[in-house]
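> How does the following fold in three dimensions:
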Amino acid sequence: MIDSFENAPELIRVEDLHKSFGGLNVLNGITETIHKGEVVSLIGPSGSGKSTFLRCLNRLEEPTSGHIWFDGVDIADKSVNIDKHRQKMGMVFQHFNLFPHMTILDNMTLAPIHVKHMPKAEAEQKAHALLERVGLGDRAEAYPIQLSGGQKQRVAIARALATNPRYLLCDEATSALDPNTTRSILELLREINKTLGVTIIVITHEMKVIDQICDRVAVIDKSCIAEEGRVADVFTSPKSDIARELVLPQERPVLEPTTGGRKVRIIFNGENTQKPVISEMILACRVPVNVLFADTKSVEGAAYGHMIFELPNDEHDAEKVVSWLKNSGLTWKEER
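Model prediction:
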């Protein structure tokens with residue numbers, strides 16, 4: 001999918017972005033371009049700077065130096081009226097940030113009325129339409145305490161859309177939700193992206209979020225972008241150590257190695273996932289292998305996965321398997 005976005009209009013261009021807190025460098029020369037209509041995820045370990053980067057995009061955090069170009073304006077420039085540009089940005093937080101003493105309708109209309117100076121009747125009409133879109137048309141007069149976590153997040157998304165933003169910033173928007181609710185929120189975000197054309201930038205530590213809705217992923221580590229690309233490319237062939245740590249299964253094998261021998265990981269790239277490659281390998285080499293771990297997932301509508309197996313303890317048999325793998329066209333590597 002990313003191919004279609006490389007030629008799409010540029011929405012945000014970040015150049016050499018730095019952010020320091022005292023003597024601590026949290027962002028160290030980040031450069032990134034986000035195109036109109038794409039869904040981009042930023043992942044990385046805790047403390048890598050991903051949330052700080054997101055908050056710099058609307059200047060909830062003030063950059064120390066660098067440039068953030070949006071609509072032809074460098075909004076990192078402190079002389080720029082950021083409130084004017086924030087009207088074109090929406091933000092969805094992990095913990096919803098709804099005002100508990102206000103009805104859902106009042107939460108929805110607060111920014112349109114007081115920030116965009118929209119007439120109250122127009123703001124309420126728009127709020128009702130957005131609540132219908134997120135499946136909560138009958139809860140306008142409810143208070144946040146009367147809603148479930150998933151419903152609160154749907155309201156938060158609808159509220160973020162109330163000012164007609166060009167892009168949404170989602171900071172761990174599903175991490176406080178159960179799996180079924182997470183799935184429904186992700187489906188809602190993808191539907192909003194497709195039907196309204198809103199660009200979405202997602203901060204998450206949940207790989208399933210990236211699997212389900214993202215076109216592209218950027219991996220942040222030690223205050224810099226370590227790797228980026230199409231989700232399928234990064235998930236199946238990560239190049240950086242941190243990307244491998246984040247996206248490749250790190251669980252202990254389902255089965256313990258029986259011989260302590262060499263182990264191989266095969267990466268299934270969507271084209272070969274349905275092929276009986278293990279059966280073909282065993283028949284061709286006439287040696288048994290011990291499968292220790294297998295995992296598959298859907299990425300961009302295709303199945304991708306990994307399998308770890310143990311090579312035969314006999315070195316001659318092991319080399320037969322390695323030779324077969326070298327000529328198989330599969331993506332594989334020995335595990336250390």
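> any idea which helix or strand comes after the helix ranked longest in the chain?
Determined from DSSP state H, the single longest helix within the chain is helix 179-196. Counting by DSSP states H and E, the next helix or strand C-terminal to helix 179-196 is strand 199-203.
> For that following strand, which strands pair with it and how are they oriented?
strand 39-43 (parallel), strand 167-171 (parallel) (DSSP bridges).
> Name the stretch among these that sits most buried.
Among the strands paired with strand 199-203, ranked by average contacts under mean count of other Cβ atoms under 10 Å, first place goes to strand 39-43 (a mean of 26). To be clear about C-beta, it is placed using only N, CA and C from the backbone, and glycine gets the same treatment.
> which residues sit in contact with residue 188?
Residues in contact with residue 188 (Cβ atoms under 8 Å, 6 or more residues apart in numbering) are 134-135, 154, 157.
> shaky segments in the protein?
1-6, 248-260, 269-272, 298-303, 336 (pLDDT under 70).
> What is the most widely separated pair among the contacts of residue 188?
Greatest spatial distance in these: 135 and 157, 10.7 Å, computed using Cβ to Cβ.
> sorry, back to before: out of the strands paired with strand 199-203, the one nearest residue 232 is which?
strand 39-43 (12.9 Å).
> Would you tell me what the next helix or strand after the closest one is?
Trace forward from strand 39-43 with DSSP H and E and the next one is helix 50-56.
> Pairing partners for whichever helix or strand comes after that next one, with directions?
As assigned by DSSP H and E, the chain's next helix or strand after helix 50-56 is strand 65-70. Strands adjacent to strand 65-70 in the sheet, as given by DSSP bridges, are strand 10-21 (antiparallel), strand 73-74 (antiparallel).
> So for residue 296, which of the ones you listed sits nearest?
strand 10-21 (33.2 Å).
> Quick one: residues in contact with the helix or strand following the closest one.
Where DSSP H and E defines the elements, the next helix or strand beyond strand 10-21 is strand 24-35. Strand 24-35 is contacted from outside by 5-6, 8-20, 40, 49, 52-53, 56, 63-64, 66, 167, 199, 201, 218, 220, 222-225, 228, using Cβ under 8 Å, 6+ apart.
> The same query, at a cut-off of 7 Å, please.
5, 8-20, 40, 49, 52-53, 199, 201, 218, 223-225 (Cβ atoms under 7 Å, 6 or more residues apart in numbering).
> mind giving me the domain ranges of this structure?
3-246, 263-335 (automatic domain parsing).
> thinking again about what came up before, make a PyMOL selection of the buried ones in the contacts of strand 24-35.
The PyMOL command for the buried members of the contacts of strand 24-35 (criterion: 16 or more other Cβ atoms under 10 Å) is given here:
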select buried, resi 5+11+12+14+17+18+19+40+49+52+53+199+201+218+223+224+225
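> Now residue 128: which helix or strand?
Per DSSP H and E: helix 120-133 holds residue 128.
> Packing partners of that helix?
Counting contacts by 3 or more Cβ pairs under 7 Å, 6 or more residues apart in numbering; DSSP states H and E, helix 120-133 is packed against helix 104-114, helix 149-161.
> Put together TSV for those helices, with mean neighbour count and distance to residue 83 on each row.
Shown next, in TSV, are these (neighbours: other Cβ atoms under 10 Å; distance: least, Cβ to Cβ, whole Å):
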stretch	mean neighbour count	distance to residue 83
helix 104-114	20	11
helix 149-161	23	16
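> Show me the one of the ones you listed that comes nearest residue 278.
helix 149-161 (40.0 Å).
> Just the CA atoms of that closest one, as PDB, please.
Only the C-alpha atoms of helix 149-161 are listed here, as PDB (Å, rounded to 0.1, in the frame of the first residue of the first chain):
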ATOM      1  CA  GLY A 149     -14.000   2.400  28.100                       C
ATOM      2  CA  GLY A 150     -14.600   1.600  24.400                       C
ATOM      3  CA  GLN A 151     -17.500   4.100  24.200                       C
ATOM      4  CA  LYS A 152     -15.400   6.800  25.800                       C
ATOM      5  CA  GLN A 153     -12.700   6.300  23.200                       C
ATOM      6  CA  ARG A 154     -15.300   6.400  20.400                       C
ATOM      7  CA  VAL A 155     -16.400   9.800  21.800                       C
ATOM      8  CA  ALA A 156     -12.800  10.900  22.000                       C
ATOM      9  CA  ILE A 157     -12.300  10.000  18.400                       C
ATOM     10  CA  ALA A 158     -15.600  11.800  17.400                       C
ATOM     11  CA  ARG A 159     -14.500  14.800  19.400                       C
ATOM     12  CA  ALA A 160     -11.100  14.900  17.600                       C
ATOM     13  CA  LEU A 161     -13.000  14.900  14.300                       C
END
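> I would like the residues contacting that helix, please.
90-93, 96-98, 104, 107-108, 130-131, 133-136, 139, 144, 147, 168, 173, 176-177, 181, 184-185, 188, 192.
> by how many degrees do it and helix 104-114 diverge?
If you take axes from the mean of the first three to the mean of the last three Cα atoms, to 10 degrees, helix 149-161 sits at 20 degrees to helix 104-114.
> Of the contacts of helix 149-161, keep whichever come out buried.
Buried among the contacts of helix 149-161 (16+ other Cβ under 10 Å): 90-93, 96, 98, 104, 107-108, 130-131, 133-134, 136, 139, 144, 147, 168, 173, 176-177, 181, 184-185, 188, 192.
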